[in-house]
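Participant: okay, here's the prediction I keep looking at, along with the sequence it came from:
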Amino acid sequence: MKSWIAVALMAVLVPVGAISFGSASEDPSTENIMKGLFSKKSGKFNNALKKEIAASPTDWEALQKTTKEIHELGEQLEKAEPEKGSKESWKKLAGKFGEDTKALHEAAEAKELAKVKAAQKSIQTSCKACHDVHKGK
């Protein structure tokens, strides 16, 4: 009897845990990567980065941590599968996105706020070009 309860409990808890605690690194789907970057509640790009860039004085340690996380997500994007569009186009656009997130992190590491802002702007302006070709739904 106890073993059946344990099996039933595991059947319920394992999927819930996978959903609740999953991250883009565990599931590098485009959707999870984009949520990690741009979610209104917890996205690194829209929330943390904007606040850290606006802070005076700049908290470089916090900014560097955030840009590192953004870059890690940016690197994963090229490995994900596009919802639509060609893989060649995906490789080009997602590759550029990864380069931009790398530039963002390198600028933060060098403590060059103007370059951080320039990389942030480059990332922001890249959305439409990729979405027009590759975003499903």
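Facilitator: Great, that's in hand.
Participant: please, where are all the helices along the chain?
Facilitator: Using DSSP state H, the helices found in the chain span residues 2-21, 30-38, 50-54, 60-77, 87-109, 113-125, 127-134.
Participant: got these as a markdown table, with distance to Lys44 and mean neighbour count columns?
Facilitator: (C-beta placed from N, C-alpha, C; glycine too.) Compiled in a markdown table, the helices of the chain are given as follows (distance: least, C-beta to C-beta, whole Å; neighbours: other C-beta atoms under 10 Å):
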| stretch | distance to Lys44 | mean neighbour count |
| --- | --- | --- |
| helix 2-21 | 18 | 9 |
| helix 30-38 | 6 | 19 |
| helix 50-54 | 10 | 15 |
| helix 60-77 | 5 | 20 |
| helix 87-109 | 10 | 18 |
| helix 113-125 | 11 | 16 |
| helix 127-134 | 15 | 14 |
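Participant: could you dump those helices into JSON lines and include mean pLDDT?
Facilitator: Listed next are these as JSON lines, based on pLDDT from 0 to 100:
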{"stretch": "helix 2-21", "mean pLDDT": "41"}
{"stretch": "helix 30-38", "mean pLDDT": "88"}
{"stretch": "helix 50-54", "mean pLDDT": "93"}
{"stretch": "helix 60-77", "mean pLDDT": "95"}
{"stretch": "helix 87-109", "mean pLDDT": "95"}
{"stretch": "helix 113-125", "mean pLDDT": "94"}
{"stretch": "helix 127-134", "mean pLDDT": "89"}
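Participant: tell me the contacts of Trp60?
Facilitator: The contact partners of Trp60, taken as C-beta atoms under 8 Å, 6 or more residues apart in numbering, are Ala108, Lys111.
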